[in-house]
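Peer 1: Provided below are the primary sequence and the corresponding predicted coordinates.
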Amino acid sequence: MLDAFGQPQSIVVLGGTSDIAGAVVDRLCARRCRTVVLAGRDPARLRDAAARATRAGATQLSEVVFDAREVTAAGTTVDRCFDAAGDVDVVLLAVGVLSGRDNELDAAHAADVAAVTYAWPVAAATRAAARLVDQGYGRLVVLSSVAAVRVRRANFVYASAKAGLDAFALELADTVRASGVTVQVIRPGFVRTKMTAGLPAAPFATTPAAVADAVVTGLATTDTVIWVPQALRWVFGVLTLLPTAIWKRLPG
Amino acid sequence: MVEPRSREELRHLLDATGPRVDTSSIIARGLGRSYGDAAQCAGGRVVRLQGSPHIGAVDANTGTIDVEAGVSLDALMRHTLMRGWFVPVTPGTRQVTVGGALAADVHGKNHHRDGSICAHVESLTLESPAGTFEVGPERDPELFWATAGGMGLTGVITRATLRLLPVETDRMVVDTDRFDDLDAVMAAMEEGDDRYRYSVAWVDCTAGSRAGRAVLTRGDHARREDLGPVRRRPGARGSSGLPATRLGVPHRLPLHPLNGATIRAFNEAWYRRAPRQRRDEIQPLGRFFHPLDGVADWNRLYGPRGFVQYQFVVGPTDGALVRRAIELFSSRALPSFLAVLKRFGPGDPGPLSFPMAGWTLAVDLPVGPELLPRTLDELDELVAGAGGRVYLAKDARLRPELLAAMYPRAGDLARTRRRVDPAGILRSDLSRRLSID
């Protein structure tokens, strides 16, 4: 169950091997979380993530292997995670893959990015929301990105997929609100992780630890959108109003 | 939320074996005044007893009364005061049901002398999945005590026979003393509480150097000769000594009035208002027992994030832990609107019943400060280490690992539960959060 401060006793992490997911699980297990279900693509990395969760204090661990390119299997994957957990207090959805400038016109790559960053997460979030509604309570935390707020050239396939997921999650939040289930969208700026290794950092760059802190404190609130760092909310309030000609000339 | 209209409908809700039955979790709720999740059941069913519940006549020979469990203590007091009787135990609000009061085994300002409410129960009727049970301290004591303070986890209490307290008037005779520090008030309570039926101290947990200053109020029911000629009988002038709710708090407030500064100001005013020493003051019942009942929906003052109540008890020789708690709240700037200190007498045999002999401190803490969850976790460890416990009726954040240390007889409850609820459908968010089997 969630306690008075929104702290969970059980969590399902879809994308359980990501740096941000690891940092979130560390923090939650240091407080109340004991049941952790990690779903990811690479069994070896899942084992590492599970060992890290155990060190953080998890006592009941399960690993579920899935491939986010298999969009139609998303529902089954989510069901396996829920069945392994029992009561699920929080679902963290942190699945996505970055696109770059090297293969902007590669259709197969675009299809992959769209499937992993948009289609699979949408299907998984839908199933997770349905399971939480059946359960009568719970929180779905969707990892979006500030890239979703205004798409830019540098990673437009990824950013457009995040834009779709972000918009989807906001409406999903409305759809399930009356049931006692809540959906929260996290919009970090540039995060220094495995996924962004080698890329030049953008202004307001942040770390997995900072994003995880924001997720954990966000659990105590009912805010639908959480920006990391918070200042980005105001920065992007302005950036979305910029004329395209100026937007395209901005560095980073 | 389900509201059965008859005993048959309630039986049907609890029936976990028949054909076409709903076997999802179920828990009873009274007036919903638990601060925590004791009467919530996410994804399951919350049962409320409907209609205007029946209050029987007071048996003048034995001083007992038969009441349906959905009766509020407010209604019960209004009914019995006119006839010269008072409820044996009242918590800080009258807006709780008899069923809820028994399920939480509530205590009042007279615990040091009279124990908690279940010590004044002759018998009760319990509707459980396994059947209907008539229980009391003599009749099936195992199930009776599992139900006393059992947080609804043995079934739905539908009726009780309570022993009332005879009173001559609807007023209180109150002595008030103000103390500059915690040691002084605790010494005064240890020395003098036994001379009073009711005793409670308000303690300042806010201001750094002033933390621990206190106002102690103690009293008893006024007798006829304590009053002037006008207020001879309870109910004279048509009053029961219990005011109607006068003030309200609107649903949406432009800002949240209870913050660090206003809480400090309130505590300052509360302290200053109290006389250094006053003897034999005549007070109306409501003001003495239920000051917050005068303001409807006062909880809204805390804003949308709300607050948590934290109440613990530690043994008579662990008073230092009370000091430690107040130091923690004060030094970490965790403001408490009202902190209440009281001495408990011996507890009763209920495995989840909260009171035990010693000191209890209850605080209201606004949710928000980052240090709050961790500070309460630290206090839990200290309390459990000292053999104390926190009050489940107010809890919404205890670590499940500490339950067994705080309630070592919780295993007895599990045994009784298997007898009356073999399918395990009686569950609440509290029982799920703390893994109470």
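Peer 2: That came through fine. Just so we're clear, the structure is a prediction, and the values are computed from it rather than from any experiment. Numbers count the residues shown, from 1 in each chain, chains lettered A, B, ... in the order given.

Peer 1: Who are the contact partners of residue B:59?
Peer 2: Applying C-beta atoms under 8 Å, 6 or more residues apart in numbering or on different chains to residue B:59 gives the contacts residue B:65. Where C-beta positions appear, they are placed from N, C-alpha and C, glycine not excepted.

Peer 1: What of the one 3 residues further on?
Peer 2: Residue B:62 makes contacts with residue B:163, as judged by C-beta under 8 Å, 6+ apart.

Peer 1: Quick check: chain neighbours aside, which residue is closest to the residue of chain B found nearest chain A?
Peer 2: Nearest residue of chain B to chain A (C-beta to the nearest C-beta) works out as residue B:43 at 2.5 Å. In space, residue B:43 comes closest to residue A:136 once its chain neighbours are excluded; the distance is 2.5 Å by C-beta to C-beta, 6 or more residues apart in numbering or on different chains.

Peer 1: Identify the residues contacting the one you found.
Peer 2: Neighbour list for residue A:136: A:179, A:180, B:41, B:42, B:43, B:44 [criterion: C-beta under 8 Å, 6+ apart].

Peer 1: Which one of the residues you listed is nearest to residue B:54?
Peer 2: Distance to residue B:54 across the contacts of residue A:136 (C-beta to C-beta) is lowest for residue B:41, with 26.4 Å.

Peer 1: from memory residue B:134 sits against residue B:123, does it?
Peer 2: Yes. Using C-beta atoms under 8 Å, residue B:134 makes contact with residue B:123 at a distance of 6.2 Å.

Peer 1: the more surrounded of the two?
Peer 2: Between residue B:134 and residue B:123, counting by other C-beta atoms under 10 Å in any protein chain shown, residue B:123 is the more crowded of the two (18 against 13).

Peer 1: That one looks like it's in a strand, true?
Peer 2: Yes. Per DSSP: H, G, I helix; E, B strand; the rest coil, residue B:123 lies within a strand segment.

Peer 1: Would you confirm that it contacts residue B:136?
Peer 2: Yes. Using C-beta under 8 Å, residue B:123 is in contact with residue B:136, at 3.7 Å.

Peer 1: any residues in contact with both of the two?
Peer 2: residue B:161.

Peer 1: can you map out the helices along the chain?
Peer 2: Using chain A here. A:19-31, A:43-56, A:74-85, A:107-114, A:120-135, A:156-176, A:208-219, A:232-239, A:244-247 (DSSP state H).

Peer 1: try chain B instead
Peer 2: Per DSSP H, chain B carries helices over the ranges B:7-14, B:73-81, B:98-103, B:111-114, B:141-147, B:182-192, B:260-273, B:285-289, B:319-331, B:371-385, B:403-406, B:410-420, B:429-433.

Peer 1: Tell me which of those helices approaches residue A:86 most closely.
Peer 2: The minimum distance between residue A:86 and the helices of chain B falls on helix B:429-433, with 9.6 Å, by C-beta to C-beta.

Peer 1: Mind listing what's buried along the closest one?
Peer 2: Going by neighbour count (16 or more other C-beta atoms under 10 Å in any protein chain shown), the buried part of helix B:429-433 is B:429, B:430, B:431, B:432, B:433.

Peer 1: and residue B:212, what is it in contact with?
Peer 2: Residues near residue B:212 by C-beta under 8 Å, 6+ apart: B:181, B:182, B:183, B:203, B:204, B:323, B:326.

Peer 1: Chain neighbours aside, what residue packs nearest to residue B:407?
Peer 2: Residue B:407 sits nearest to residue B:352 (C-beta to C-beta, 6+ apart), 5.7 Å away.

Peer 1: what pLDDT does that neighbour get?
Peer 2: On pLDDT, residue B:352 comes in at 97.

Peer 1: and it, how many neighbours does it have?
Peer 2: When neighbours are defined as other C-beta under 10 Å, residue B:352 has 30 of them.

Peer 1: The nearest residue to residue B:39 once chain neighbours are set aside and residue B:159, how far apart?
Peer 2: In this structure, residue B:39 finds its nearest non-sequential neighbour in residue B:29, 3.8 Å apart by C-beta to C-beta, 6+ apart. From residue B:29 across to residue B:159, the span is 17 Å (C-beta to C-beta, to the nearest Å).

Peer 1: Residue A:29 - how many residues pack around it?
Peer 2: Neighbour number of residue A:29 under other C-beta under 10 Å is 21.

Peer 1: try the one 3 residues further on
Peer 2: A total of 24 residues lie near residue A:32 under the criterion other C-beta under 10 Å.
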